[in-house]
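Q: Okay, here's the prediction I keep looking at, along with the sequence it came from:
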Amino acid sequence: MGKAALMTKWLREVGVDFVPRSLPKDKRLPGSSSEGAETLDEILRELAGCGRCVLSENRSRIVFGTGNPSARLMFVGEAPGAEEDRQGEPFVGAAGKRLNRWIESIGLAREDVYIANIVKCRPPGNNVPKPEEAQLCMPYLVRQIRVIRPKFLCTLGATAFKYMLGVDERITKARGRWREWDGIPLLPTYHPAYILRNPSSEEEVMEDFKDLARRLSLLET
């Protein structure tokens, strides 16, 4: 079975129809508008009382996402950390500051892009989200992406890459190699927290961001 088929199989198993954006009425994602034109605010309101998994039991805040709702570039991380849980915004701690530097290195600001995570609640001890937790939360991220309709996606770290594409590859081998998610070009790179621990690998991230900048610039020509 090819990668595309494996991806489709995995998403269907977790309740997401991996099909074109215009879904037939009987295939729409839970909570989506009957006209297929929901907004980020509608998704956030639905999430406000979410108790679909155990992560909801100890959260301070739901960490939905932040940035430009019409962003051409969207970043996807794995889960909120302690500071994100306190503030309700993704990537606001030390890793967030590093991500901001990367974004600024290609002439953009944090407000120009959109940033979200696979799961919206902090796992205890900043653990990696469990498959069942990711499966229950992933449909919300899919809906966010379909509202924003970015031109490019960039996954940050191994976990986001694994859950977005349903593959089991080492991020050290996968980073820098373009993939595709629902027709959107996707570039995996390292998580900024990894770079804080392994600063020698930041040069590779800079190459990935230069590649993102090149692709964004082609949209303007």
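A: Thanks, I have the structure now. Numbers count the residues shown, from 1 in each chain.

Q: tell me the secondary structure for the residue minimising distance to the centre of the chain?
A: Nearest to the geometric centre of the chain sits Val76, at 2.3 Å (CA atoms, centre = their mean). Reduced to three states with DSSP: H, G, I helix; E, B strand; the rest coil, the structure at Val76 is strand.

Q: Please apply the same query to Val63.
A: Under three-state DSSP, Val63 comes out as coil.

Q: Would you mind giving the secondary structure of the spatially closest residue to it that is not a sequence neighbour?
A: Of all residues not flanking Val63 in the chain, Pro80 sits nearest, at 4.0 Å (CB to CB, 6 or more residues apart in numbering). Just so you know, the C-beta spots here come from the backbone N, C-alpha and C atoms, and that holds for glycine as well. The three-state assignment at Pro80 reads coil, by three-state DSSP.

Q: low-scoring pLDDT stretches of this structure, where are they?
A: Residues of the chain meeting the criterion pLDDT under 70: 1-36, 221.

Q: Could I get the full set of helices for it?
A: Along the chain, the stretches classed as helices by DSSP state H are 3-13, 40-47, 82-87, 94-104, 131-148, 158-165, 171-174, 192-197, 202-218.

Q: and the second one, how far out from the chain's middle?
A: By that I understand helix 40-47. 16 Å (CA atoms, centre = their mean, to the nearest Å).

Q: cool, and stretch 167-177?
A: 16 Å.

Q: quick one: contacts of that stretch?
A: For stretch 167-177, the surrounding residues in contact (CB atoms under 8 Å, 6 or more residues apart in numbering) are 3, 6-7, 157-158, 161-162, 187-190, 204-205, 207-208, 211.
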